[in-house]
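Novice: Return a 3D structure for these sequence lines:
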Amino acid sequence: MSRTVRPRCRAALAALTCWVALGCGTGAEPGGDGPRPPADPAPTAAGHGVVTWASSAGHIGEAAHGGRGYRLMVHTSVGGSDLRVRLSNAFGDRPVTFRNVHAGLRRDGAALVPGSNRRLTFRGERSVTVPAGGVVYSDPLPGSVPAGRTLAVSLYVPRAGGALTGHWLAMQTSYTTRGDHAAEEGAAHWTNRTASWFYLDAVTVRPRRATGAVAALGDSITDGWHSTTGHNRRWPDYLARRLGTSAGPVEGVANAGIAGNKVLLDGPGQSALNRLQRDALSLPGVRTVFLFQGVNDIKAEPAATSAGLIAGYRRLIERAHADGKCVVGATIAPYKGWQEWDPAGEAVRRRVNAFIRGSGAFDAVTDFDRVLRSPRDPERLLPAFDGGDHLHPNDKGMRAMADAVELGDLDCGIR
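Specialist: The predicted structure follows:
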């Protein structure tokens, strides 16, 4: 159940046009293999459509190496034309070169739908070098991408070293290889499996009608831990499917969850306060930030106080409002039975949830605590929703969370 606390003006988006089939576009073959300077590392949303998929970049926990190819499987939310990808070296400590980047539709495994794999360019070139700490958007790719399909973004990295940027917990199988096989639609060279995403952190499209997106800022529950790998059953995935059938003004969903993430302190990943701009506000078409974090702050050592966590929420809300976004807050779900649960932390959770529900600080509230808790023991997850560790919901619980979101609350961007 979601309750609108303070509705805000809805920002209109310009009409978006151009709708042709992926793999059927025409035009001159791009040329030139030499690396070019990257585009603006923080491009504005204007001209970049709406985010259809995203994940939060971080230190992947291993060294970057040149001569490797990556075929990364991601699931679209909103469909549209003029696909762009955002490649990130945000956590790298030296430049990385990308070459021969392609996008196509997955058929099965690492194999692609014949005729769908298309080359992406960067300022008209096949290669781009991104400096340490930078990101780059590709040029728009003529052709359309369907909603609710698995997109394969294949890229070759001829030169890289040092720290590797990516997303560790993908809950999706992708593929790696040695050498440059990005243009190939078959799976013969893509035999190495990985459960992480590398370098790719956003995909955008131009929808055929005006629409926006929501960025779900969260931790391992939003990241999908204990949902079924490869089936897109994280709660933001279920939400995307609801939005796709609603014909409403918001259809894009960006999953900005990081396992173990906190609101106040870094590790794992930058804190929500430190990554808000990159992982939510900077994404094209985002109207609303959906904030569902705090349990890792509460069960940390030393644990956050309710006053400290509430102050962190207020700073996030202020920054999102200043950027023209509204913020939906979600109550923290119960987690008794998890090894770090204790009565003191439970008291903090209750005080924080009372703030989320009743303060009026958020533009709307979704009460995940009410949806997921057991009626017999409100400090525990409902057994039918428990993924097994008493903290993370299973597929059924993920769906219940998405069903609890009032879709109208996601269309409240501030003009």
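Novice: Hmm, residue 49 is touching residue 208, no?
Specialist: No. Residue 49 lies out of contact with residue 208 (CB atoms under 8 Å); the separation is 10.9 Å. (Glycine included, C-beta is placed from N, CA and C.)
Novice: Mind checking which of these two has more residues around it?
Specialist: Counting neighbours by other CB atoms under 10 Å for residue 49 and for residue 208 shows that residue 49 has the greater number, 26 against 16.
Novice: which residues touch the more buried one?
Specialist: Residue 49 is in contact with 16, 80, 82, 84, 204, 205, 206, 207, 284, 285, counting by CB atoms under 8 Å, 6 or more residues apart in numbering.
Novice: Out of the residues you listed, which comes closest to residue 100?
Specialist: For those, the residue nearest residue 100 by CB to CB is residue 84; the value is 16.7 Å.
Novice: Correct me if wrong, but that closest one is in a strand.
Specialist: Yes. Membership of residue 84 in a strand is supported by DSSP: H, G, I helix; E, B strand; the rest coil.
Novice: how near is it to residue 351?
Specialist: Applying CB to CB, to the nearest Å, the value for residue 84 to residue 351 is 43 Å.
Novice: what about residue 171, neighbour count?
Specialist: Neighbours around residue 171, by other CB under 10 Å: 22.
Novice: what sits against it?
Specialist: Counting by CB under 8 Å, 6+ apart, the residues that residue 171 touches are 195, 223, 224, 225, 227, 229, 230, 234.
Novice: Please apply the same query to residue 75.
Specialist: Contacts for residue 75 (CB under 8 Å, 6+ apart) come out as 53, 148, 149, 150, 151, 172, 232, 237.
Novice: Provide a list of residues in contact with the third one.
Specialist: Put plainly, it is residue 149. 75, 76, 79, 105, 106.
Novice: wait, isn't residue 218 in contact with residue 292?
Specialist: Yes. Between residue 218 and residue 292 there is a contact under CB under 8 Å: 4.5 Å.
Novice: Of the two, which one has the most company?
Specialist: Set residue 218 next to residue 292 and count neighbours by other CB under 10 Å: residue 218 wins out with 27 against 24.
Novice: Can you spell out which residues form a bridge with the more buried one?
Specialist: residue 257, residue 292 (DSSP bridges).
Novice: need the contact list for it.
Specialist: 256, 257, 258, 261, 290, 291, 292, 293.
Novice: which one of those residues sits closest to residue 321?
Specialist: residue 291 (12.4 Å).
Novice: burial count for the closest one?
Specialist: 27.
Novice: from what I can see it touches residue 315, true?
Specialist: No. Proximity of residue 291 to residue 315 does not meet the contact threshold set by CB under 8 Å, at 11.4 Å.
Novice: hmm, back to that, in TSV: the contacts of residue 171, plus pLDDT, distance to residue 374 and secondary structure.
Specialist: Listed next are the contacts of residue 171 as TSV, based on pLDDT from 0 to 100; distance: CB to CB, whole Å; DSSP: H, G, I helix; E, B strand; the rest coil:
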residue	pLDDT	distance to residue 374	secondary structure
195	97	31	coil
223	98	23	helix
224	98	22	coil
225	98	20	coil
227	98	20	coil
229	97	26	coil
230	96	29	coil
234	98	22	coil
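Novice: for stretch 184-195, how far is the first residue from the last?
Specialist: Using CA to CA, to the nearest Å, the end-to-end distance of stretch 184-195 comes out at 21 Å.
Novice: right, I mislabeled it, should have said stretch 112-131
Specialist: Note: stretch 112-131 ends 31 Å apart using CA to CA.
Novice: In it, which residues are buried?
Specialist: Within stretch 112-131, the residues that qualify as buried are 112-113, 116-122, 125-130, counting by 16 or more other CB atoms under 10 Å.
Novice: From the contacts of residue 49, pick the one nearest residue 183.
Specialist: For the contacts of residue 49, the nearest to residue 183 is residue 84 (18.9 Å; CB to CB).
Novice: what are the bridge partners for the closest one, then?
Specialist: Here residue 84, judged by DSSP bridges, has bridge partners residue 204.
Novice: swap in residue 253?
Specialist: Beta-bridge partners, per DSSP bridges, of residue 253: residue 214.
Novice: go on, residue 136?
Specialist: residue 87.
Novice: Can you tell me how far it is from residue 258?
Specialist: Taken as CB to CB, the span from residue 136 to residue 258 is 22 Å.
Novice: Likewise for residue 318?
Specialist: Taking CB to CB, one finds residue 318 at 22 Å from residue 258.
Novice: Of the two, give the one with the bigger neighbour count.
Specialist: residue 258 (29 against 12).
Novice: Report the contact partners of the nearest residue to that one once chain neighbours are set aside.
Specialist: Once flanking residues are discounted, residue 258 sits nearest to residue 269: 3.9 Å by CB to CB, 6 or more residues apart in numbering. Residues in contact with residue 269, defined by CB under 8 Å, 6+ apart, are 56, 58, 258, 260, 261, 275.
Novice: Thank you kindly, that will do.
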